[in-house]
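sequence and predicted model, in that order:
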Amino acid sequence: MPTTLTGLLVFLALLAPGFAFLVVFERGARPALERSVLRETATIVLASLACNAAAGVVFALARHYGWFETPSPSRLLSEGKPYFAAYIGLVTGWALAVFLFALLTAVIAAGLLNRPGMQSMLGKLTQWLVPPAGVTMDSAWWKLLKVMEPESYRRLTCTLDDETVIEGWLTSLNPSANETAERELTLSAPLRITKPNSQPERFKHGSIVISANRIQYFYVSYWDNPPKGAPGVGRAG
C-alpha cells in the first residue's frame with residue numbers, strides 16, 4: 001500500500017477505471033451473483049490494467065507523432081519535482097486527460113459487454129473453450145420470467161405455503177441470481193385470489209406483492225397480448 005498521500009491518490013486513480021467498469025457492468029439486465037472479494041478485486045485490477053494500458057497507448061501515439069505537446073515521462077521520472085514544477089500545467093493536464101480517457105474506456109467497455117448481441121457474439125467465440133451446455137448459474141426466476149419467450153406477456157398462478165392460490169399478470173420481479181427468500185414479484189389486476197376452502201376473490205384493479213419465501217411453486221403462461229384492463233403489465237424485455 002502507498003505510504004504517502006500522493007502515492008495513495010495515484011493508486012486510487014489507477015484503480016478507478018476498474019471500479020467504474022464493475023459498477024456499470026453490474027447494472028446490466030443480466031442478474032448478478034454475489035462474488036467473492038478475490039473475484040471482485042481481480043476484476044477491478046485487470047480492468048484497470050487494460051483501460052490504463054489503452055490510455056497509455058493513446059498518449060504514446062500522441063507523443064510519437066507529435067499530435068500535441070506532451071510531457072516527457074523519462075524526464076519526469078529522473079528529475080522529479082523540478083520537472084513537475086517547471087511543467088506543472090502540461091503534466092497535470094495530461095495526467096487528467098489520461099485518467100478521464102481510461103475511465104471513459106472502462107464505462108464504454110462495460111456498456112458494450114452488457115448488450116445482448118455482444119454477449120451472444122462472445123459466447124460463440126468462446127464455445128471452443130467453454131462447453132455449449134452444462135451447469136448454469138442462471139436463476140430459475142430469470143429463465144422463466146425473463147429469458148423464455150421475451151416478447152410475451154406472463155400470467156402467473158402462484159401457490160403459497162398456506163395453499164392460497166394467487167393469479168395475476170407479472171408486473172415486476174427481483175431478478176437476482178441468488179436464491180434468497182427476500183426476493184419478491186409483483187402481480188397486477190385482474191387478480192384472482194383463492195384461499196383454502198373459500199370461493200375465489202376477483203380484483204379488477206390494483207397489484208399485489210408476493211415474497212419468495214411464501215411461494216411453494218408457480219405456473220407461468222405466455223400470452224402474445226394481455227387482455228384489456230390490465231394496466232402496468234410489461235414484457236420481459
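Structure received.

where are the low-confidence patches of the chain?
1-2, 28-35, 116-138, 175-182, 226-237 (pLDDT under 70).

next, name the residue at the spatial heart of it.
The chain has residue 26 as the residue nearest its centroid, 2.3 Å off, counting by Cα atoms, centre = their mean.

and whichever strand in the chain runs longest, what other elements does it pack with?
Counting residues, the longest strand found in the chain (DSSP state E) is strand 184-194. Counting contacts by 3 or more Cβ pairs under 8 Å, 6 or more residues apart in numbering; DSSP states H and E, strand 184-194 is packed against strand 153-160, strand 165-173, strand 201-203, strand 207-211. Bear in mind the C-beta positions are built from the backbone N, C-alpha and C, glycine included.

closest one to residue 58 among those strands?
strand 165-173 (42.3 Å; Cβ to Cβ).

now what about that closest one, what contacts it?
The contact list for strand 165-173, computed with Cβ atoms under 8 Å, 6 or more residues apart in numbering, reads 141, 145-146, 153-160, 183-194, 207-208, 210, 220, 226, 230, 232-234.

would you list the buried entries among those residues?
When the contacts of strand 165-173 are checked for burial by 16 or more other Cβ atoms under 10 Å, the buried set is 141, 145-146, 153-160, 183, 185-191, 193-194, 207-208, 210, 226, 230, 233.

tell me where this protein has helices.
Along the chain, the stretches classed as helices by DSSP state H are 5-25, 37-65, 73-79, 81-86, 88-113, 116-125, 140-142.

reformat the ones you listed as a markdown table; add distance to residue 214.
Formatted as a markdown table, the helices of the chain follow (distance: least, Cβ to Cβ, whole Å):
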| stretch | distance to residue 214 |
| --- | --- |
| helix 5-25 | 32 |
| helix 37-65 | 32 |
| helix 73-79 | 62 |
| helix 81-86 | 63 |
| helix 88-113 | 36 |
| helix 116-125 | 32 |
| helix 140-142 | 14 |
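
nearest to residue 201, out of those helices?
helix 140-142 (25.9 Å).

name the nearest residue to residue 174, sequence neighbours excluded.
residue 183 (4.2 Å; Cβ to Cβ, 6 or more residues apart in numbering).

ok, the one you found to residue 158 distance?
Separation of residue 183 from residue 158 (Cβ to Cβ, to the nearest Å): 13 Å.

quick check: the nearest residue to residue 27 once chain neighbours are set aside vs residue 159, distance?
Excluding its sequence neighbours, the residue lying closest to residue 27 (Cβ to Cβ, 6+ apart) is residue 114, at 7.5 Å. Here the distance between residue 114 and residue 159 works out to 35 Å (Cβ to Cβ).

check residue 171 too.
From residue 171 to residue 159 the distance is 19 Å (Cβ to Cβ).

okay, how far is it across stretch 79-97, tip to tip?
22 Å (Cα to Cα, to the nearest Å).

and that stretch, how far out from the chain's middle?
37 Å (Cα atoms, centre = their mean, to the nearest Å).
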